[in-house]
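Next comes the sequence, and after it the predicted model I'd like to discuss.
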Amino acid sequence: MMSAVMEQRPSAMQRAMEGDADSFAMLIDPLLNPAYRLAAVMLSDRMAAEDAVQEASVKAWRNLRQLRGDESSLRAWFLSIVANECRMTRRRRWWSVVKSAEVESERRSDAPSQEALTDLRRALARLGPDERLPLVLYFYLDLPLDEVARTLRVSQSAAKSRIYRAARRLRSDLTLEEVS
């Protein structure tokens, strides 16, 4: 009897698609931090990143019925909305000053030096948004390749190729200085 009752209970995704804001908030909440980190790297501005994630959240709520799949495809779908919002923000005319976002991270003893991080940020900033996005998704947000592909809306082999090309370009921009 209990299993029959549980089978009839709609999932959080179904409830959200039917307009339940609390269910949507429960689904989207764990995605907000990765979405902010993605936007912060793409835009290099904390406030712009917060705005982009907020706009993406509203768009996701409005267009949730367009999501093909289940909860497992929600993260890739939402991050693609965030990435598109970041692209739109960068296209706006006022976006002419490049700012550097300080994304909070846990400090470890084996963490790279501040100089190395500054060099990496500069090299990332020199990449175009379309080159930076696959690197951020794969290396910074640690998404699996299939999810990177879904977020970029390309095949897995195309996603792998984009990651490789962007990493190769990034590597060529970084120069290692020998310590004397």
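Looks like it arrived, so ask away. In this text the structure is predicted, and so the values were computed from the model without any measurement.

for the chain, longest helix please?
helix 21-43 (DSSP state H).

mind listing what's buried in the helix or strand where Ala48 lies?
Following DSSP states H and E, one finds Ala48 within helix 46-62. Judged by neighbour count using 16 or more other C-beta atoms under 10 Å, the buried positions of helix 46-62 are 46, 48-49, 52-53, 55-57, 60. C-beta here means a position set from N, CA and C on the backbone, and glycine is covered the same way.

And stretch 143-155, by the same measure?
143, 147-152.

What are the contacting residues of the helix or strand hosting Trp77?
Element membership for Trp77 (DSSP H and E) is helix 74-91. By C-beta atoms under 8 Å, 6 or more residues apart in numbering, the residues outside helix 74-91 that reach it are 13, 27-28, 31, 34-35, 38-39, 42-43, 48-49, 51-53, 55-56, 59-60, 63, 67, 69, 95, 129, 133, 137, 141, 143, 147, 150-153.

and the angle for it with helix 21-43?
Here the directions of helix 74-91 and helix 21-43 differ by 50 degrees (axes from the mean of the first three to the mean of the last three C-alpha atoms, to 10 degrees).
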